[in-house]
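*Asks:* Sequence and predicted structure are below.
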Amino acid sequence: MDFDISESQGLRLATVADIVEAAGGPAAETEQLDQKLEASDVLSDACVLDRFLVAEELARIGTSSTFGLRALLADCLPEGLPPGSIAVTEAHRRGPVRFANSASSIVVLDGDRTRLYESVADSVVPAETSFGFTYAHFRPKGEGIRLTDGAEDILRARWRLAMVAEIAGNARTAVEKTADHLVSRVQFGRPLSSLQALRHRLAEAAVSAEATRWLGREAAFSEDPRAIRRASWYASDTAATLVPDLMQMCGARSFTLEFGLHLFTMRMNSLRLEFGGIDRLGLELAEGNLPHAEHATSGSRL
């Protein structure tokens with residue numbers, strides 16, 4: 001694996017950044033931004049790793065875009081998929097589903113009964129949350145489209161890769177914002193960044209964020225089932241650890257809307273919960289019982 005971003009990948013990420021900027025920056029209206037991204041050629045000839053990088057970049061910039069999830073799922077779903085966002089949930093879950101209120105298509109993972117539903121007005125009930133994403137309760141209407149055998153394994157693997165990418169992007173920016181605060185905030189006659197205890201904690205946070213990024217990229221590069229499980233577990237653990245640590249290091253400012261750290265920490269919390277719990281991920285990793293992703297699209301290379 002080459003750890004350098006290739007020229008084509010760099011151009012792809014620059015295109016993403018340009019589209020976000022043209023749409024109004026990180027605070028751009030989500031639907032408008034997603035439409036611009038879908039209309040672009042940013043996913044032209046994209047392998048799984050390229051799609052992962054796009055999802056990671058959108059999260060790093062600070063958008064609430066649904067495009068990263070669609071980027072990693074769309075090529076695994078039937079042809080003729082309608083434009084718009086995609087939401088994913090599991091049949092046994094009863095809580096609200098991220099992006100379900102705006103999704104045109106909703107995937108319900110349920111073993112060999114995994115289905116794809118078209119979202120209709122009376123099948124979703126918006127839910128209010130403070131996670132930085134939109135949510136809705138979803139009640140399937142009709143039979144939906146039954147997906148082929150093995151579809152659940154592929155879609156679950158891609159869904160998890162999308163969440164890893166989003167945690168990696170959010171964690172990177174959250175660490176950077178915390179570092180900027182420690183450098184600029186003066187207490188006891190000197191910057192907080194000069195205090196060794198805080199430097200150690202920030203260094204540990206930076207290592208966790210960086211490791212999440214590279215474990216995710218390696219998993220997207222190889223599409224190896226165990227690598228995806230490992231990256232998922234580590235990303236969930238990173239989110240659980242970084243959120244309280246970074247907020248404590250930034251003090252009361254971390255709770256203010258003006259500071260903006262909450263956008264990244266709350267989204268990490270949301271994604272951590274969407275994984276289904278670190279105990280579940282750890283058990284799957286230890287036992288190797290997660291439905292595998294051997295049939296996922298291969299050939300992803302830098």
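*Replies:* Structure received.
*Asks:* now what about whatever helix or strand Ile86 lives in, what contacts it?
*Replies:* In this structure, Ile86 sits in strand 85-90 according to DSSP states H and E. Contact partners of strand 85-90, identified using CB atoms under 8 Å, 6 or more residues apart in numbering, comprise 34, 66-67, 69-70, 73-74, 77, 97-100, 102-110, 119, 138, 155, 159, 276. Quick note: C-beta positions are derived from backbone N, CA and C, even for glycine.
*Asks:* how does it look with 7 Å?
*Replies:* 34, 66, 69-70, 73-74, 97-100, 102-109, 138, 159 (CB atoms under 7 Å, 6 or more residues apart in numbering).
*Asks:* Same question for stretch 162-173.
*Replies:* Here stretch 162-173 makes contact (CB under 7 Å, 6+ apart) with 52, 55-60, 62, 68-69, 72, 209, 212-213, 216, 219, 231-232, 235, 238-239, 242, 264, 267-268, 271, 274-275.
*Asks:* Restricted to buried residues, select the residues you listed in ChimeraX.
*Replies:* Selecting only the buried entries of the contacts of stretch 162-173 in ChimeraX, with 16 or more other CB atoms under 10 Å as the criterion:
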select :52,55,56,57,58,59,60,62,68,69,72,209,212,213,216,219,231,232,235,238,239,242,264,267,268,271,274,275
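*Asks:* can you tell me how far Ala100 sits from Ala168?
*Replies:* Counting by CB to CB, to the nearest Å, the gap from Ala100 to Ala168 is 24 Å.
*Asks:* Repeat that for Glu152.
*Replies:* With CB to CB as the criterion, Glu152 and Ala168 are 24 Å apart.
*Asks:* When those two are compared, which one has more neighbours?
*Replies:* Legend: neighbour count by other CB atoms under 10 Å for Glu152 and Ala168, higher for Ala168 (30 against 20).
*Asks:* how about the strands in this structure?
*Replies:* 85-90, 97-98, 103-109, 115-118, 124-127, 135-138, 145-146, 186-187, 190-191 (DSSP state E).
*Asks:* can the ones you listed go into JSON lines with extra columns for distance to Leu283, mean pLDDT and mean neighbour count?
*Replies:* Compiled in JSON lines, these are given as follows (distance: least, CB to CB, whole Å; pLDDT from 0 to 100; neighbours: other CB atoms under 10 Å):
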{"stretch": "strand 85-90", "distance to Leu283": "16", "mean pLDDT": "96", "mean neighbour count": "24"}
{"stretch": "strand 97-98", "distance to Leu283": "23", "mean pLDDT": "96", "mean neighbour count": "24"}
{"stretch": "strand 103-109", "distance to Leu283": "18", "mean pLDDT": "95", "mean neighbour count": "22"}
{"stretch": "strand 115-118", "distance to Leu283": "26", "mean pLDDT": "94", "mean neighbour count": "18"}
{"stretch": "strand 124-127", "distance to Leu283": "28", "mean pLDDT": "93", "mean neighbour count": "16"}
{"stretch": "strand 135-138", "distance to Leu283": "26", "mean pLDDT": "95", "mean neighbour count": "20"}
{"stretch": "strand 145-146", "distance to Leu283": "29", "mean pLDDT": "94", "mean neighbour count": "14"}
{"stretch": "strand 186-187", "distance to Leu283": "43", "mean pLDDT": "90", "mean neighbour count": "10"}
{"stretch": "strand 190-191", "distance to Leu283": "43", "mean pLDDT": "94", "mean neighbour count": "12"}
